[in-house]
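Q: can't give you the sequence, but here's the structure:
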């Protein structure tokens, strides 16, 4: 019997199964042209995108390396490549790449309940990469729904830098992944949200050296479980699209805001550090004069006393957000540190959908919330953790405001106070898939 070291033989066998990577929904083109295989309509219009799977010759462009393994299997019913059931192997592009944007979808499934471990190796050598795993620059992929961000979960620079949040969905659900490299700049998105934005990866402590050019490897490192990939495509030479955030608060006054309560003069402004102070009124609101439809908003806030209750509204009406007919989408902000997730804690949507986690900090401590509403896709991050990730079309119990409207902060407490600091919106929302 061969020992483990002898088994480490480079396999140049290419998978030869027939497969089709077209989706019936989700914006992917229903176009059978080889050059459009697995691309979205937007990518076809944009130009420059190349499918990594070619329908006229499925063997072209790939090699397999690993321990006596011949490659992934194709499941026609799911239109996906299945990586499963072996200790270590990788599917590697024959072509090297320098700067690029890579997009694909991945799903994890393990009938035995164990964690599936995969990853994408960037600018790796083509041959014997299993002998150089410790020095490979890897974006980690794994079954990690609900876990705290660390350097081992999906979106991490493996072993070196944790993602800003954990956006991986539950087992059995597809995750959209995008990786952009430009020189030493790295941008990683999972399900439309940025989880890594690094100007120079050579300065990330503990990260392996990123070669100036190399191959892309879809790696698998699980004896059980299954990782499934589909719609793998690349745009060579793509530049990192840097997100540009615009402040909605000038630190001096309420210029650009409107008070939504006629018998109230408005909140106090205590400068750029303490921000806008909400206090001592039963119910009132301030709204931006600017309207937003597809939007990503982030802000810092501090609840200064117990039992403070307020919220943020998206796509609210320009007048009277308290009316029954307004039906904006509201995210609750409440004094809820340490409580189990339910419809009374921060991150609750519309008073009906509780967050998946409660990461609210204690009274007197600054919190950061980021809210994304793009079409019907709705995500809330609280202190770096994803607490809501919804498709509003699947939630009939929630409002579905389709028109644009102002960003509105509402306050429902007396006594008590809240400081609202650092309110910003993402100017180039198309970086997150918006329009």
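A: All right, it came through fine. Since we're looking at a predicted model, the values are computed, not measured.

Q: all strands for the stretch 151-300 of the chain, in order.
A: 175-182, 185-190, 193-198, 215-236, 245-247, 257-259, 268-269, 276-279, 284-292, 295-303 (DSSP state E, counting those that start in this stretch).

Q: For the first one, which helices and strands make contact with it?
A: This means strand 175-182. With contacts taken as 3 or more C-beta pairs under 8 Å, 6 or more residues apart in numbering; DSSP states H and E, strand 175-182 sits against strand 100-109, strand 117-124, strand 185-190. Quick note: C-beta positions are derived from backbone N, CA and C, even for glycine.

Q: Compute the inter-axis angle for it and strand 117-124.
A: Direction vectors for strand 175-182 and strand 117-124, defined by axes from the mean of the first three to the mean of the last three C-alpha atoms, to 10 degrees, enclose an angle of 20 degrees.

Q: what are the pairing partners of strand 175-182, and which direction each?
A: strand 100-109 (antiparallel), strand 185-190 (antiparallel) (DSSP bridges).

Q: Looking at the closest residue to residue 404 other than its chain neighbours now. What's its pLDDT?
A: Distance criterion C-beta to C-beta, 6 or more residues apart in numbering; nearest residue to residue 404, sequence neighbours excluded, is residue 293 at 3.5 Å. Here the pLDDT value assigned to residue 293 is 88.

Q: Next: residue 233.
A: 93.

Q: now residue 72
A: Model confidence at residue 72, expressed as pLDDT, equals 70.

Q: what do you get for the one 10 residues further on?
A: Looking at residue 82, its pLDDT stands at 77.

Q: Which parts of the stretch 1-150 of the chain are helices?
A: When secondary structure is read from DSSP state H, counting those that start in this stretch, the stretch 1-150 of the chain shows helices at 41-46.

Q: got the residue ranges for the strands in it?
A: Chain-ordered strands for the stretch 1-150 of the chain, with DSSP E, counting those that start in this stretch as the definition, fall at 50-51, 62-66, 73-75, 80-93, 100-109, 117-124, 137-142.

Q: What average pLDDT does the shortest one get?
A: Across strand 50-51, pLDDT averages out at 90.

Q: Leaving out sequence neighbours, find the closest residue to residue 339.
A: Closest residue to residue 339 in three dimensions, ignoring its sequence neighbours and counting by C-beta to C-beta, 6+ apart: residue 345, at 5.2 Å.

Q: shouldn't residue 232 be in contact with residue 91?
A: No. Taking contact to mean C-beta atoms under 8 Å, the distance of 9.3 Å between residue 232 and residue 91 leaves them out of contact.

Q: Quickly list what's touching both of these two.
A: residue 218 (C-beta atoms under 8 Å, 6 or more residues apart in numbering).

Q: Quick one: low-confidence residue ranges for the stretch 51-200 of the chain.
A: When the per-residue scores of the stretch 51-200 of the chain are filtered using pLDDT under 70, the ranges that remain are 54-59, 66-71, 74-80, 85-88, 110-114, 128-135.

Q: now do 90
A: Counting by pLDDT under 90, the stretch 51-200 of the chain contains low-confidence ranges at 51-92, 108-118, 124-136, 143, 145-148, 164-165, 170-172, 192-194, 197, 199.

Q: okay, now residue 355: neighbour count?
A: Residue 355 has 25 neighbours, counted by other C-beta atoms under 10 Å.

Q: SS state for it?
A: The three-state label for residue 355, taken from DSSP: H, G, I helix; E, B strand; the rest coil, comes out as coil.

Q: what separates it from residue 412, distance-wise?
A: Residue 355 sits at a distance of 19 Å from residue 412 (criterion: C-beta to C-beta, to the nearest Å).

Q: contacting residues around residue 156?
A: The neighbourhood of residue 156, defined by C-beta under 8 Å, 6+ apart, consists of 139-140, 149-150, 162-163.

Q: Selecting buried members of those residues in PyMOL, what would you type?
A: Filtering the contacts of residue 156 down to the buried ones (16 or more other C-beta atoms under 10 Å) takes a single PyMOL command:
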select buried, resi 139+140+149+162+163
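
Q: Using JSON lines, lay out the contacts of residue 156 together with distance to residue 421.
A: Listed next are the contacts of residue 156 as JSON lines, based on distance: C-beta to C-beta, whole Å:
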{"residue": "139", "distance to residue 421": "33"}
{"residue": "140", "distance to residue 421": "33"}
{"residue": "149", "distance to residue 421": "23"}
{"residue": "150", "distance to residue 421": "27"}
{"residue": "162", "distance to residue 421": "25"}
{"residue": "163", "distance to residue 421": "24"}
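
Q: Okay, strands next: where are they in the stretch 301-435 of the chain?
A: Secondary structure of the stretch 301-435 of the chain by DSSP E, counting those that start in this stretch: the strands cover 309-314, 329-334, 367-374, 377-382, 385-391, 405-411, 417-426.

Q: Please state the offset of the third one from the chain centre?
A: What it means is strand 367-374. Centre-to-centre, strand 367-374 and its host chain are 12 Å apart (C-alpha atoms, centre = their mean, to the nearest Å).

Q: That one vs strand 385-391, what angle?
A: Between the axis of strand 367-374 and that of strand 385-391 there is an angle of 20 degrees, by the same axes, to 10 degrees.
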